[in-house]
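Undergrad: show me the folded form of this:
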Amino acid sequence: MIVHHGLDDISPLPNAIVTSGTFDGVHRGHQKILSRLTEVAQSSGGESVLITYWPHPRTVVSNDSQNLKLLTTLDEKIDLIEQAGVSHLVVIPFTRSFSELTSEQYIRQILIDKIGTKKLVIGYDHRFGRDREGGFDYIQEHQSEYGFEVEEIPRQDVEAVGVSSSKIRTALQEGNVHTANRFLGRQYNLTGTIVKGRQLGRTIGYPTANLQVDDPVKLVPANGVYAVDVVYAGQTYGGMLNIGFRPTVAGTHQTIETYIFDFNKDIYGEHMTLKFREYLRPEVKFDGLPALVNQLKLDEESARAVLRN
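TA: Below is the predicted model of the structure:
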């Protein structure tokens, strides 16, 4: 896959089959669009093109931009789109001035002049242009004028529920990783660097790897205890994860701490990825370390049982 950062290094393609959108999470709804995109490109001898934006448009135009957390970093999104078999990824810097483009300007300046679109494949609710004025009906009405076709992909349902990035974010913020994973079509993950914490875990028999997430825009699921798969140095281990403020030991800030099963290595400063399997329980304050240790033993049993299944 060729990644174009901006529009300056791409020229009109002879047979461009195009889709566009933020694609945060590259979830099952997005995957259906990408599958159809690559299918049309292959059958017509064309090249598949995905246009996306960074940063996320809501961080530029919305009043709640500080609260928006994303399901995928830019690097993660690029990897997932490449895995889907897309030929070209165009990452357009989303700015306030770009957000002011009308749908007509977007179609003519980007889809036609820059990309050379021959067919546009879009999701059922996709909108574009200033104030989201453009969409399937608008393009379909003018497609002979623009010189390209448009195809709309129906809503992707999972158990009669429409899949969306917003619904996945809400599920993760509620600790509902089972639903999030089902909508994503894979395990939700966090990647980061192992940093030194207070090292209290090793004094009670549960040494933990303290993860500092690489990108602050990445959504961290709800506080609580989880069963996770831990990917480190190409190997996958089981583990139990605590996200929270460690109230039993008077913690003052949120941490992401994982006890990796059957593992005994010093990995400070190295990278690790956590893949969420199941939410086990909320974070609670215990009456001292002995009560905490007893609960950790139960948590380990529960996490190991989840991972076995």
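
Undergrad: only C-alpha atoms from now on, for both contacts and neighbour counts.
TA: OK.

Undergrad: which SS class is residue 264?
TA: Look at residue 264: counting by DSSP: H, G, I helix; E, B strand; the rest coil, its state is coil.

Undergrad: let me see the contact set for residue 24.
TA: Taking CA atoms under 8 Å, 6 or more residues apart in numbering, we find residue 24 in contact with 70-72, 77, 165.

Undergrad: those residues in helices, which ones?
TA: Applying DSSP state H to the contacts of residue 24, the entries found in helices are 77, 165.

Undergrad: how much space between residue 301 and residue 238?
TA: Noted for residue 301: a distance of 12 Å to residue 238, by CA to CA, to the nearest Å.

Undergrad: what of residue 217?
TA: Taking CA to CA, one finds residue 217 at 26 Å from residue 238.

Undergrad: quick one, which of these two is more surrounded?
TA: Counted by other CA atoms under 10 Å, residue 217 and residue 238 do not tie: residue 238 has more neighbours, with 24 against 18.

Undergrad: just the element for the residue nearest to that one when sequence neighbours are not counted, please.
TA: Closest residue in space to residue 238, ignoring its immediate chain neighbours: residue 229 at 4.8 Å, by CA to CA, 6 or more residues apart in numbering. When elements are assigned from DSSP states H and E, residue 229 belongs to strand 224-232.

Undergrad: can you pick the most crowded of the contacts of residue 24?
TA: Neighbour counts for these (other CA under 10 Å) peak at residue 71, which has 25 neighbours.

Undergrad: contacting residues for the nearest residue to that residue once chain neighbours are set aside?
TA: In this structure, residue 71 finds its nearest non-sequential neighbour in residue 25, 4.8 Å apart by CA to CA, 6+ apart. With contact set as CA under 8 Å, 6+ apart, residue 25 has these partners: 70-72, 77, 165, 184.

Undergrad: now pLDDT and distance to residue 4 too, for these, in CSV please.
TA: Shown next, in CSV, are the contacts of residue 25 (pLDDT from 0 to 100; distance: CA to CA, whole Å):
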residue, pLDDT, distance to residue 4
70, 97, 22
71, 98, 22
72, 98, 19
77, 98, 14
165, 95, 24
184, 98, 25
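
Undergrad: returning to what we had before: now the two most distant members of the contacts of residue 24.
TA: Pairwise distances across these peak at 12.9 Å for 77 and 165 (criterion: CA to CA).

Undergrad: quick one: secondary structure of residue 3?
TA: Residue 3 - assigned by three-state DSSP - is strand.

Undergrad: where's the nearest residue to it once chain neighbours are set aside, which helix or strand?
TA: Among residues not flanking residue 3 along the chain, residue 89 sits closest, at 4.8 Å (CA to CA, 6+ apart). Residue 89 belongs to strand 88-93 when assigned by DSSP H and E.

Undergrad: just name the shakiest helix or strand of this structure by mean pLDDT.
TA: Least confident helix or strand of the chain, by mean pLDDT, DSSP states H and E, is strand 157-158 with a mean of 62.
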